[in-house]
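J.: With the sequence up front, the predicted model follows.
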Amino acid sequence: MTVAPAVLAAVASPRRREILRMVWREEKSAGAIADAMPDVTFGAVSLHLRALADAGLVVARVQHRHRFYRAKPEALGPMRQVLERMWSDALWRLKVAAEFEQTRRGPRPGRARRARTKTAPRRRRTR
C-alpha cells in the first residue's frame, strides 16, 4: 500500500478526516462545513480545506464569493477503502466526537463563564 506522504499528513488530522467525510458524497460550501463544526473557527476550517486541497484530496469550485468543495476519492488510492469502512462504522462517529472534545481549545459549551468583577481601587491611608 503506497500512499503519498502529503495524503497521509492530510488525513492524519481528525478534523480533516471529518471535513473529507462531509464532502465525500456531496459538494458543500466552506460556510456549511464551518457551520457543521461550531467549536472551530472559520479560519481554522479554511486552513484545513487548504491542506486537503494542497494534498489533492478535495477540489474547490468558486461561484461568486463562495467556494464549494468536493472530495476526490480517487486521489486516496488504497486509503479510500479504509476510510469508507471507518466512516460507515457507528463506533467511528463516537471516536471522532471524543477526539474533537480532546483536542478542543477554548471554553467548553454549556459551561457558564464566571463574570469578572472589577475590584474597587485601594484607598490611601490618611494620617
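T.: Received it, and whenever you're ready, just let me know what you need.
J.: check which helix or strand covers residue 43.
T.: Residue 43 is part of helix 42-54 when elements are defined by DSSP states H and E.
J.: Mind listing what's buried along that helix?
T.: 45, 48, 49, 51, 52, 53 (16 or more other C-beta atoms under 10 Å). Where you see a C-beta, it was placed from the backbone N, CA and C, and this is true even at glycine.
J.: After it, which helix or strand is next?
T.: strand 58-63.
J.: which stretches of this protein have low pLDDT?
T.: Across the chain, the ranges flagged by pLDDT under 70 are 1-3, 78, 80-82, 86-92, 104-127.
J.: Now the residue nearest in space to the middle of the chain. Nearest residue, chain neighbours left out?
T.: Geometric centre of the chain, nearest residue: residue 15, 3.6 Å, by C-alpha atoms, centre = their mean. Nearest residue to residue 15 in three dimensions, chain neighbours excluded: residue 48, at 5.6 Å (C-beta to C-beta, 6 or more residues apart in numbering).
J.: I am finished for the moment; much appreciated.
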